[in-house]
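# predicted model and sequence follow; I will ask about them next.
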Amino acid sequence: MAITTDFLVIGSGVAGLTFALEAAEHGEVIIVTKRARDESNTKYAQGGIAAVFAPDDSPEAHIADTLEAGAGLCHEVVVEICAREGPERVRELIARGAQFDHENGQVRLGREGGHSARRIVHAADATGLEIERALLEQARQNPNIRFAEHHTAIDLIPLSRFGGPDICAGAYVLDETDAALNGPRQRDSERPAPRHRPASKPHVVETYLARATVLATGGAGKVYLYTTNPDVATGDGVAMAYRAGAEIANMEFYQFHPTCLFHPEAKSFLVSEALRGEGAILRLPDGKAFMASHDPRKDLAPRDIVARAIDFEMKRTGSDYVLLDITHRPASFVREHFPTIHAQCLRYGIDITAQPIPVVPAAHYMCGGITTDLYGRTTIPGLWAIGECTCTGLHGANRLASNSLLEGLVFGQRAAARLGTQIAELRQSPFPDVPEWQVGNAVASDEEVVVAHNWDELRRTMWNYVGIVRSDARLRRAARRISLLQEEIREYYWKHLVTRDLLELRNIATVAELIVGCASARHESRGLHTTIDYPETSDRLGTDTVVKRGVLPYLRGR
Ligand code: FAD
Ligand code: SIN
């Protein structure tokens, strides 16, 4: 029996939750989410949300900074929408209970690279945690919102697959809770605490049908060996949308954050750009500051420039890391502004008030994604997308720091408001009959080692050949390896019952294919895409790279 709802939201980060709270004014919402409801990139966001609040700042300045970072590929109308609607969305977030830092009754604003003014609304250095807390608390109290935690969307349900029209009707979802084994469905709040089941237990795949299906699945940092992202960031939304036939764009622009903690025991810990906003200096291991020789804005140059500079210096000096030094600021200031980073580094024996922090660049943010219009509509009717999984046109070839939470808030609200006006009409049609998930002859996976090995090979390939600096030869090498891995994954996928691990591997391989495909189509260096074979930016190529299932990536004429 299919589970039906007005709005099926896949993902519970800032975009999914913002959408859900607004959409719940108009109908029933189910939020399907892979792990615990707070697990997301959002939860780990540090620096904050870019929004104009300072008297000496203006939307025009925010627009200009975003366009400058985006290296000619931002869609100006989208940049304008986000800059102008951002402050209102932040005020709403505050009204929903988010507690941001204040000073003299005004929000306290931080500074980050590429911003010409103090513009970053934050909750110390744990802004995302506070946003998730506030939005989840609101969602918990809303009778129109239900959560399905530990549920992984496997694939969308385009009716065209069953001979119907080109409409997305919902998604097939793997239920990983113990409740899935125990018969009748219960409301989420009545369920026993979910535990992960070993892959060998029987699996349950549910059919969710919705008036509108909304992808809010976040990024894909796990496609690279080193990333600031948590494990859930496997590009599922992009891969599902691509398989369903939606248009995807600009996947070559993967942003590397310049400063991820370098320590053998630290997994994916970001050291916020806000430190450089408060004066931290990047130094070589011998103590020499180096950013002045790369950009006049020095340590506050946009992220692509800083990440490339670090990559260059590490290769030049043969060092495994560079240092980020904030020891010249008073210890009390550092502890007050960066309590999370201070505490986390202390766990690894680094007192950031007295010692510089070893850092390296790591994959951080997917600037490309599912193309949408100004309201989050994708190219497939019935399918909407919001947040990091999209390519709205805001970021162009390089995202400006702290513009991502902003985009999630703005587009989450816009999509819900637009769907709110359409829901009565959408309810006129009955839910379609679609076949249940077919298991065929698949059996339980018996060789998890194959999956683990493919994960590792894929992520290393991407790191080694499709990183900060690329070349045609490296991209060709990566394409060959990814294609072989995909063949193996496909074979494994059809023979075995799906597990989350296998689904994520399949999706990350698709994302890798799309990144390499888009990168290979762009014969220039621009923003986050740097290639030694085409070192210059070409005026002719200032357009988006688009790709669709069955159509190779190409640069679209504007
Ligand atoms: P997410 O917050 O990633 O949420 C995605 C959700 O989808 C998760 O709940 C996930 O479990 C779920 N999901 C994924 N696949 C499936 C599936 N198949 N089935 C079911 N559920 C699924 N940006 C800023 O603007 N400012 C910052 O200061 C900042 N700091 C950052 C620091 C770190 C360490 C990181 C990693 C990112 C940071 N970013 C920052 C980027 C920003 O946090 C993200 O881009 C943003 O939070 C993405 O929000 P989202 O709602 O689109 O996705
Ligand atoms: C950071 O705090 O440095 C991350 C900001 C961002 O990714 O926008």
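Done, it's in. Nothing here was measured: the structure is a model prediction, and the numbers come from that model. Ligands and ions are numbered 1, 2, ... in the order given.
# is ligand 1 contacted by the top strand by length along the chain?
When the chain is parsed with DSSP state E, its longest strand is strand 204-215. No - applying CB under 6 Å from any ligand atom, one finds strand 204-215 separated from ligand 1 by no less than 8.5 Å. To be clear about C-beta, it is placed using only N, CA and C from the backbone, and glycine gets the same treatment.
# give me the mean pLDDT for that strand.
Per-residue pLDDT over strand 204-215 has a mean of 97.
# packing partners of that strand?
Strand 204-215 sits against strand 3-10, strand 29-32, strand 151-158, strand 168-175, helix 236-244, strand 383-385, helix 423-426, with contacts defined as 3 or more CB pairs under 8 Å, 6 or more residues apart in numbering; DSSP states H and E.
# which among those is found nearest to Ile515?
helix 236-244 (10.0 Å; CB to CB).
# what helices or strands is that closest one leaning on?
For helix 236-244, the packing partners by 3+ CB pairs under 8 Å, 6+ apart come out as strand 151-158, strand 204-215, strand 248-249, strand 369-371, strand 383-385, helix 500-521.
# that one near ligand 1 at all?
Yes - counting by CB under 6 Å from any ligand atom, ligand 1 has neighbours in helix 236-244: Asp236.
# can you give me the angle that helix makes with strand 3-10?
Helix 236-244 runs at 120 degrees relative to strand 3-10, counting by axes from the mean of the first three to the mean of the last three CA atoms, to 10 degrees.
# which residues does helix 236-244 contact?
Applying CB atoms under 8 Å, 6 or more residues apart in numbering, the contact partners of helix 236-244 are 10-11, 34, 152-156, 158, 168, 171, 215-218, 220, 248, 251, 366, 369-370, 378, 380, 383, 385, 389, 503-504, 506-508, 510-511, 514, 547-549.
# ok, back up a step: taking strand 151-158 as reference, get the angle to the longest strand of the chain.
If you take the same axes, to 10 degrees, strand 204-215 sits at 70 degrees to strand 151-158.
# mind saving the C-alpha coords of strand 204-215 as CSV?
The C-alpha trace of strand 204-215 is given here as CSV (Å, rounded to 0.1, in the frame of the first residue of the first chain):
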residue,chain,number,x,y,z
VAL,A,204,11.4,-3.0,3.3
VAL,A,205,10.9,-0.6,0.4
GLU,A,206,7.9,1.7,0.7
THR,A,207,6.1,3.6,-2.1
TYR,A,208,5.5,7.3,-1.3
LEU,A,209,3.1,9.2,-3.6
ALA,A,210,2.8,13.0,-3.4
ARG,A,211,1.2,16.0,-5.1
ALA,A,212,4.7,17.5,-5.1
THR,A,213,8.0,15.7,-4.4
VAL,A,214,10.7,18.0,-3.2
LEU,A,215,14.4,17.1,-3.2
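# near ligand 2 at all, stretch 381-397?
No - Stretch 381-397 does not reach ligand 2 (CB under 6 Å from any ligand atom); its nearest approach is 10.3 Å.
# state the distance from the closest residue to Trp463 other than its chain neighbours to ligand 1.
If the residues on either side of it in the chain are set aside, Trp463 comes closest to Leu225, at 3.9 Å by CB to CB, 6 or more residues apart in numbering. Here the distance between Leu225 and ligand 1 works out to 15 Å (CB to the nearest ligand atom, to the nearest Å).
# which residues are in contact with Leu225?
By CB under 8 Å, 6+ apart, Leu225 lies in contact with Arg459, Arg460, Met462, Trp463.
# restricted to strands, list these.
Among those, no member lies in strands (by DSSP E).
# just give me the closest of the residues you listed to Gly440.
Arg459 (29.4 Å).
# ok, and the closest non-adjacent residue to that closest one?
Leu225 (4.4 Å).
# where's that neighbour relative to Gly527, distance?
Going from Leu225 to Gly527 by CB to CB, to the nearest Å gives 22 Å.
# equivalent analysis for Asn441, please.
Distance, Asn441 to Gly527, using CB to CB: 47 Å.
# could you do Phe19 as well?
28 Å.
# in terms of neighbours, single out the busier of those two.
It is Phe19, of Phe19 and Gly527, that has more neighbours when counted by other CB atoms under 10 Å, with 32 against 26.
# could you list every helix and strand that whichever strand or helix holds that one packs against?
According to DSSP states H and E, Phe19 maps onto helix 14-23. For helix 14-23, the packing partners by 3+ CB pairs under 8 Å, 6+ apart come out as strand 3-10, strand 29-32, helix 127-140, helix 403-420.
# contacts for it, please.
Under the criterion CB under 8 Å, 6+ apart, residues 6-7, 9-10, 12, 29, 31, 33, 40, 42, 45, 89, 96, 128, 131-132, 135-136, 138-139, 142, 145, 214, 216, 218, 386-388, 405, 407-409, 411-413, 415-417, 419-420 lie in contact with helix 14-23.
# what's the answer for stretch 337-347, then?
Residues outside stretch 337-347 that contact it (CB under 8 Å, 6+ apart): 46, 124-126, 261, 266, 269, 271-272, 274-275, 278, 326, 334-335, 351-353, 357.
# and that stretch, what's buried?
Buried residues in stretch 337-347, counted by 16 or more other CB atoms under 10 Å: His337, Phe338, Thr340, Ile341, His342, Gln344, Cys345.
# with distance to ligand 2 added, can I get these in JSON lines?
Listed next are those as JSON lines, based on distance: CB to the nearest ligand atom, whole Å:
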{"residue": "His337", "distance to ligand 2": "12"}
{"residue": "Phe338", "distance to ligand 2": "10"}
{"residue": "Thr340", "distance to ligand 2": "11"}
{"residue": "Ile341", "distance to ligand 2": "9"}
{"residue": "His342", "distance to ligand 2": "14"}
{"residue": "Gln344", "distance to ligand 2": "13"}
{"residue": "Cys345", "distance to ligand 2": "15"}
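# now, the residues you listed that are in helices?
Residues of the buried residues of stretch 337-347 located in helices (DSSP state H): His337, Thr340, Ile341, His342, Gln344, Cys345.
# what's the spacing between whatever residue of the stretch 451-558 of the chain ends up closest to ligand 1 and Tyr492?
Taking CB to the nearest ligand atom, ligand 1 has its nearest neighbour within the stretch 451-558 of the chain at Leu503, 7.0 Å off. Distance of Leu503 to Tyr492, given as CB to CB: 11 Å.
# looking at the two, which is more packed in?
Neighbours of Leu503 and Tyr492, each counted by other CB under 10 Å, are more numerous for Leu503; the result is 21 against 17.
# near ligand 1, which residues of the stretch 201-350 of the chain are found?
Contacts of the stretch 201-350 of the chain with ligand 1, taken as CB under 6 Å from any ligand atom, map to Ala216, Thr217, Gly218, Gly219, Thr228, Asn229, Val232, Asp236, Leu270.
# please compute how far stretch 289-300 lies from its chain's middle.
Distance, stretch centre to chain centre, for stretch 289-300: 28 Å (CA atoms, centre = their mean, to the nearest Å).
# now do the buried residues in it.
Buried residues in stretch 289-300 (16+ other CB under 10 Å): Phe290, Met291, His294, Asp295, Lys298, Asp299, Leu300.
# farthest-apart pair in these, please.
Put simply, by CB to CB the two of the buried residues of stretch 289-300 set farthest apart are Phe290 and Leu300, 14.1 Å from each other.
# sorry, back to before: which one of the ones in helices among the buried residues of stretch 337-347 is nearest Ala83?
If you rank these by distance to Ala83 using CB to CB, His337 comes first, at 25.4 Å.
# residue of the chain nearest ligand 2, please.
Gly47 (2.7 Å).
# could you count how many residues lie near that residue?
Neighbour tally, Gly47, other CB under 10 Å: 25.
# over to Ser319?
Using other CB under 10 Å, Ser319 has 17 other residues around it.
# how far away is it from Ala289?
Applying CB to CB, the value for Ser319 to Ala289 is 15 Å.
# got it, and Gly235?
According to CB to CB, Gly235 stands 36 Å off from Ala289.
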